[in-house]
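**Q** make a model of this:
(2 chains)
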Amino acid sequence: MLGRVANNLFWMSRYLERAENNARIVEAYLRRSLAESDQAVQNWIEVLGVLGQKDAYETSKGEFEQRAIINFILRDKTNPISVLNLIQQSRQNARIVRGALTREAWQAINDLWLSMQMIFKSPININDLPLILAKVQQGSALVRGVLDGTMLRNDIFYFLRAGTAIERGDNTARIIHKNYFLFLPSAFLAREDRSISKVEAVLDSAGAMRAYNWLNKGRVDPGSVILFLVADKSTPRSLSYCYQDIVRQLTALEEVYDTSFDACQKAKQVQAGLNSSSTGGLHLDELQNFAHSFIQNNAQLSDLIETEFKFYR
Amino acid sequence: MLHNSGSYLSGGSSSFDEMYGQVAGDALGPRAPYADYSLWLDNQELPRLQRQSKRAQDIFRSIGITFNVYGGTEGVERLIPFDVIPRIISGTEWKVLEEGVRQRVGALNSFIYDIYHRQEIIKAGVIPASLINNNAAFTPQMMGFDPPGNIYTHVAGIDIIRTGPNNFSVLEDNLRVPSGVSYMLENRETMMHMFPELFEKNRVRSVEHYPHQLYRSLCECFDGYTDATPTVSLLSPGVYNSAYFEHAFLADQMGVELIEGADLVYHDGRVAQRTTQGPQNIDIIYKRIDDPFLDPLTFKADGLLGMPGLFDAYRAGKIMLANAPGAGIADDKAVYSFVPDIIKFYTGEAPKLDNIETWRCSEKDQLAYVLDNLEDLVVKEVHGSGGYGMMVGPTASKAEVNRFRKKLKARPAAYIAQPTLALSTVPTLTRAGLAPRHVDLRPFVLVSPKGIRVTPGGLTRVALKKGSLIVNSSQGGGTKDTWIVDS
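**A** Alright, predicted model coming up:
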């Protein structure tokens, strides 16, 4: 496989996963802002923060305003990481390597792009937001499902999957990082309903609310929530699960290419660190540092994959 | 129901209609190749056809069968309109076409070989030396070089027009980078998807094996050069090229890498592509970039689409290029007028397919005729293409005719002239119903030392504007599925 093609596959997955994750975060905060209408603008500013788009928004739009924020995050053409632009970039990467994808997979991503172009043609009415956000997530899930159901298990598939897992790990870690204060032991003491709802929003943004509730019978306890998001081996949104997946893809690449890669070693190290956190290695007062260093390690792994597999543009 | 003969809108021309014969709407009924299809068509409601037509466009958009538009905003992708009424040719009619095309392409390949070797045809006085020496497509770097299998025109597209029941003629040969084959394949795929019942009733010859045949045909040229299965790659200018869809489609269907110039490196004295595991040697490049951009060291200095030194590697036998550089010497408009003589010279046979009568303005008496009859003729620039540098006498203004008269007198050798022809029509779906629209046909031909393969049918292009003779997609042309049916 060409290094250029591997690069396009990896980033096709990353951009698509990011679009889906961003839509999910917006959805979680939308639900919350409907419940707490007095806090609406404050909630939307928080979304910008979680998505890392607060500075860009201020530079570009100035005043914080709900409608403007939503449009900036979802469809602003000048915002390089608006959901529309992320889908556009994912589709452009796919178009460059469409021969590496099955017809069904290409059509799924192309159809998603075509429908997003229609949906995001005009400014978003907040009443349509739930439907639009669902469509983004469904479209992304469809692409992932079609890839899973139609693609050969070879290096093409492994690069796609590695991209998804790295992006998803990054997303979950960023949500934890931005909300670390909710989980500080001192915050437990001052806990009241609102902070519980914030903890729930964290789970919701990470797409892990139902899974958590099912496993914990609805008992929301900050310590268990963090352990769940970091170290649970069964939820596909946890850091531990993402690394299980990454290690699996990189090991498969080692087999295909019949050689060993530093990237695989690195991924195994990160995975071991995550596993030890479930056995008392993670202190809640260290959470911010923990999340920060995970994000850095994850980014280093991504870079290592790019060099070791000779990616280029 | 569509009572076809009654509702068929007259084109107001005297062109031959391939479905209904000489005059649109007469009472003779459909011609034989269309007999079964027209029974089906009689039972169709216009709105259903129009719905299916809309669906076809949606399918094309979803699959991404688009061409990029130059000059507009980056990334603008357009659809080529697809007409759901097929163009049908009988197996018997096709046999004549196929044999003619095979003979022609074989002769042109021999001609190119001769031009780049001993030039016997010039010595024999069949064509003037000036035809080659003054030709921009002549590539002196190819002199004395034997390409693998002695093949130059691995892929050819021959543009054919029809003017009557038994009158087919060649309008143009495309021997450099002929395109459109992906539309031929996708048109069929779409028709089978939308109207499966039609393919049960009609025995339509299959086109789907083209990509596999292309792959095989390329490899056959390389036989004896390597023991292993050769590595083939398709070289494209990239995602912003207008034919990018076709490049990606063919690479995918052939199971080969789609590469760009930036993917190529030298490795152990060979041409290689940069893979995730390091450089991988390539044996055959199916190039979809024009010769001048192939290699800045040999051709155009600012060519960035190929690779410096690629041509030297080719001459050293380290890699095969298809089509061969310099193949364009056989497809310009000045050479075209000599093709019947070229066929006779290399095959000893009379041409099986006619050329269109062509006046070479380089010759005094022919120029005189052209100047006397400018209002009735089509004048073309010898090296022009895509409808540029062209004048259509019957529709040109007086001023334009006069401008061309001056041009012809100043540089007669730069022009040829042809009669204005009544291209055949095929019923085409319009808003108001079925109407005759002019068509041409581009069959695709694969050449290897093992033989010349012609895919049954080819790409039918249709001028969607009433009365228009211009089928180019850049000027409002569309495409149709082309059926070769055996009764």
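
**Q** poorly predicted segments of the stretch 201-313 of chain A, please.
**A** Residues of the stretch 201-313 of chain A that meet the criterion pLDDT under 70 lie in A:279-281.

**Q** show me what from it comes close to chain B.
**A** Within the stretch 201-313 of chain A, the residues that sit near chain B (C-beta under 8 Å from any C-beta of the partner chain) are A:Tyr257, A:Phe309, A:Lys310, A:Phe311, A:Tyr312. Where you see a C-beta, it was placed from the backbone N, CA and C, and this is true even at glycine.

**Q** how about those in a markdown table, adding neighbour count and secondary structure?
**A** Formatted as a markdown table, these follow (neighbours: other C-beta atoms under 10 Å in any protein chain shown; DSSP: H, G, I helix; E, B strand; the rest coil):
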| residue | neighbour count | secondary structure |
| --- | --- | --- |
| A:Tyr257 | 17 | helix |
| A:Phe309 | 24 | coil |
| A:Lys310 | 18 | coil |
| A:Phe311 | 22 | coil |
| A:Tyr312 | 12 | coil |
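
**Q** got TSV for those residues, with distance to A:Ala105 too?
**A** Formatted as TSV, these follow (distance: C-beta to C-beta, whole Å):
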residue	distance to A:Ala105
A:Tyr257	23
A:Phe309	21
A:Lys310	24
A:Phe311	20
A:Tyr312	23
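
**Q** let me know the closest of these to chain B.
**A** Nearest to chain B among these is A:Phe309, at 4.4 Å by C-beta to the nearest C-beta.

**Q** for that closest one, give me phi and psi.
**A** phi -100, psi 10 (degrees, to the nearest 10).

**Q** does it really touch B:Thr275, like I thought?
**A** No: in this structure A:Phe309 lies outside contact range of B:Thr275 using C-beta atoms under 8 Å: 9.2 Å.

**Q** joint contacts of these two?
**A** A:Gly3 (C-beta atoms under 8 Å, 6 or more residues apart in numbering or on different chains).

**Q** surely B:Ile63 meets A:Ile109?
**A** No: using C-beta under 8 Å, B:Ile63 makes no contact with A:Ile109, being 11.9 Å away.

**Q** mean confidence score for the helix ranked longest in chain A?
**A** Determined from DSSP state H, the single longest helix within chain A is helix A:3-35. Across helix A:3-35, pLDDT averages out at 93.

**Q** what helices and strands are in contact with that helix?
**A** helix A:40-50, helix A:66-75, helix A:83-96, helix A:129-150, helix A:155-178, helix A:193-205, helix A:287-308, strand B:270-275 (3 or more C-beta pairs under 8 Å, 6 or more residues apart in numbering or on different chains; DSSP states H and E).

**Q** and those, which one is worst for confidence?
**A** helix A:193-205 (a mean of 79).

**Q** list the contacts of the closest residue to chain B within chain A.
**A** As assessed by C-beta to the nearest C-beta, chain B sits closest to A:Gly99 within chain A, at 3.6 Å. Taking C-beta under 8 Å, 6+ apart as the criterion, A:Gly99 is in contact with B:Ala248, B:Phe249, B:Ala251, B:Asp252, B:Leu258.

**Q** excluding chain neighbours, what is closest to the fourth one?
**A** Pointing back at B:Asp252 there. Closest residue to B:Asp252 apart from its sequence neighbours, by C-beta to C-beta, 6 or more residues apart in numbering or on different chains: A:Gly99 at 3.6 Å.

**Q** same deal with the second one?
**A** Nearest in space to B:Phe249, with sequence neighbours left out and distances taken as C-beta to C-beta, 6+ apart, is B:Ser182 at 4.4 Å.

**Q** give me the three-state assignment for the one you found.
**A** Under DSSP: H, G, I helix; E, B strand; the rest coil, the three-state class of B:Ser182 is helix.

**Q** strands of the stretch 201-350 of chain B, residue ranges please.
**A** B:232-235, B:257-259, B:264-267, B:270-275, B:278-281, B:284-287, B:320-322 (DSSP state E, counting those that start in this stretch).

**Q** elements contacting the last one?
**A** Applying 3+ C-beta pairs under 8 Å, 6+ apart, we find strand B:320-322 packed against helix B:210-221, strand B:284-287, helix B:310-315.

**Q** buried residues, the longest one. List them.
**A** Yep, that's helix B:210-221 we're talking about. By neighbour count, with 16 or more other C-beta atoms under 10 Å in any protein chain shown as the criterion, the buried positions of helix B:210-221 are B:Tyr210, B:Pro211, B:Leu214, B:Tyr215, B:Ser217, B:Leu218, B:Cys219, B:Glu220, B:Cys221.

**Q** so that helix, near chain A or not?
**A** No: judged by C-beta under 8 Å from any C-beta, helix B:210-221 makes no contact with chain A; its nearest approach is 11.3 Å.

**Q** what's that helix in contact with?
**A** Outside helix B:210-221, the residues touching it (C-beta under 8 Å, 6+ apart) are B:147-149, B:151, B:154-155, B:181, B:184-185, B:229-230, B:232, B:250, B:253-256, B:284, B:286, B:320, B:322, B:444, B:446-450, B:453, B:455.

**Q** fine, thanks again, bye for now.
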